[in-house]
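In: no FASTA, just this:
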């Protein structure tokens, strides 16, 4: 039991590091926009590089997780991801930034598959729902990293110094916690590339809709607050911090809620709240109301990825790593058009109007919730 407890702590650290590196990049997007004079459409294409890198990494990471063990792959990518984050701040041109963003996305997506695979192994060992607590650590890492942005801006730190000051200590702590011995499930045979089938298709679509909602806050919340509410860059990171904080709070209680009302009802309620949050943002409210809407988005999106990944790992017809990768491939892969679509809508109209796209996709969650029933 001690080893299981230590492994759970290690996975919490991995999720926090993964979310922290994403939050670090997202919180300083306005600085990259200013540095390279990026329009909303160009930024959308750069965000597409992140999604493309992740999409290509999912099947590879899923196969590696099944063959080498989820714990081993998680440890390797816990080193690679922070190094890519620091490299982003050193990119000398938009072209190089796009290439590094693709590598960043590949490490982020691969680690996502591996650490969720490790998490489902510990969840089975403990024989109770715990996946949402891991994803709470992801959101907490995102929130903490986002909260460092106003401090770094106030201190006039270069972006590379800000990234290094956060990434290096976080990586050292995570690797120290991940040293716990753990024997992951090994599956020698399996498809090199797997798409979900049967109920996992709908689970993947739920993951897709949730990822669009979460991604819209991570990638666009800072610019939304600047462009739609007229706030300053120093205050623009507050939206991501609020979104992440409410996601953390919800994920810390979601396991108990799911155990009580079941995954289907939990997904339906989550979808309704996400629609309400995105719809409120589409009205282009003032700063305070926008923060309330972002809080609703955090609550609505919180439990969905853990539910989808738990359903994938429990599927009797496919190995856990491949199952998670297949749902992630559909979930993230289907939103390859998400970042540029939001950017293109924003360029033609406004970011507020682009939130209608997020609200419509969130309706899928309500409709497809029955697919999350455990086999």
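Out: Thanks, I have it. Predicted, not measured: the structure shown is a model, and the values here were computed from it.
In: ok, residue 33 - contacts?
Out: Contacts for residue 33 (C-beta atoms under 8 Å, 6 or more residues apart in numbering) come out as 43, 223. From N, CA and C alone the C-beta is placed, and that goes for glycine too.
In: host element of it?
Out: For residue 33, the element it lies in under DSSP states H and E is helix 29-36.
In: give me the next element, helix or strand, following that helix.
Out: Next along the chain after helix 29-36, with elements defined by DSSP H and E, is helix 40-68.
In: how near is residue 226 to residue 237?
Out: As defined by C-beta to C-beta, to the nearest Å, residue 226 lies at a distance of 10 Å from residue 237.
In: and these two? Which one has more around it.
Out: Neighbours of residue 226 and residue 237, each counted by other C-beta atoms under 10 Å, are more numerous for residue 237; the result is 28 against 18.
In: wait, that one sits on residue 144?
Out: No. With contact taken as C-beta atoms under 8 Å, residue 237 and residue 144 are classed as non-touching, separated by 11.5 Å.
In: for the helix or strand residue 12 falls within, the averaged confidence score.
Out: Counting by DSSP H and E, the secondary-structure element that holds residue 12 is helix 2-27. Taken as a whole, helix 2-27 has a mean pLDDT of 91.
In: that helix vs helix 40-68, what angle?
Out: Interaxial angle, helix 2-27 versus helix 40-68 (axes from the mean of the first three to the mean of the last three C-alpha atoms, to 10 degrees): 160 degrees.
In: any buried residues in helix 2-27, and which?
Out: By neighbour count on 16 or more other C-beta atoms under 10 Å, the buried set for helix 2-27 is 6-8, 10-27.
In: if you count contacts, what does it end up packed against?
Out: Counting contacts by 3 or more C-beta pairs under 8 Å, 6 or more residues apart in numbering; DSSP states H and E, helix 2-27 is packed against helix 70-89, helix 94-126, helix 131-154, helix 159-177, helix 199-229, helix 238-261.
In: how about low-confidence regions in the stretch 101-250 of the chain?
Out: When the per-residue scores of the stretch 101-250 of the chain are filtered using pLDDT under 70, the ranges that remain are 186-197.
In: again, only this time at 80
Out: Low-confidence segments of the stretch 101-250 of the chain, defined by pLDDT under 80: 127-129, 139, 183-199, 218-219, 233-234, 237.
In: tell me, how many residues neighbour the spatially closest residue to residue 258 that is not a sequence neighbour?
Out: For residue 258, the nearest residue in space outside its immediate sequence neighbours is residue 266; the separation is 4.9 Å by C-beta to C-beta, 6 or more residues apart in numbering. Using other C-beta under 10 Å, the number of residues around residue 266 comes to 23.
In: so how far is the helix or strand where residue 266 lies off the chain centroid?
Out: When secondary structure is defined by DSSP H and E, residue 266 falls within helix 263-282. Taking the mean of its C-alpha atoms, helix 263-282 sits 17 Å from the chain's own mean (C-alpha atoms, centre = their mean, to the nearest Å).
In: just the angle between that helix and helix 131-154, please?
Out: 20 degrees.
In: now the helix or strand that helix 263-282 is followed by: how far from the chain's centre is it?
Out: Downstream of helix 263-282, the first helix or strand assigned by DSSP H and E is helix 287-301. For helix 287-301, the separation from the chain centroid amounts to 17 Å (computed by C-alpha atoms, centre = their mean).
In: equivalent analysis for stretch 91-105, please.
Out: On C-alpha atoms, centre = their mean, the centre of stretch 91-105 falls 19 Å from the chain's centre.
In: and for stretch 118-134?
Out: Between the mean C-alpha point of stretch 118-134 and the mean C-alpha point of its chain there is a distance of 18 Å (C-alpha atoms, centre = their mean).
In: mind listing what's buried along that stretch?
Out: For stretch 118-134, a neighbour-count test (16+ other C-beta under 10 Å) marks 118-123, 129-134 as buried.
In: hmm, who's touching it?
Out: Taking C-beta under 8 Å, 6+ apart as the criterion, the residues outside stretch 118-134 that touch it are 4, 7-8, 11-12, 14-15, 70-71, 74, 115-116, 182, 184-185, 251-252, 254-255, 258-259, 302-303, 306-307, 309-310, 313-314, 320, 324.
In: filter the residues you listed to the buried ones?
Out: Neighbour-count burial within these applies to 7-8, 11-12, 14-15, 70-71, 74, 115-116, 182, 184, 251-252, 254-255, 258, 302-303, 306-307, 309-310, 313, 320, 324; the criterion is 16+ other C-beta under 10 Å.
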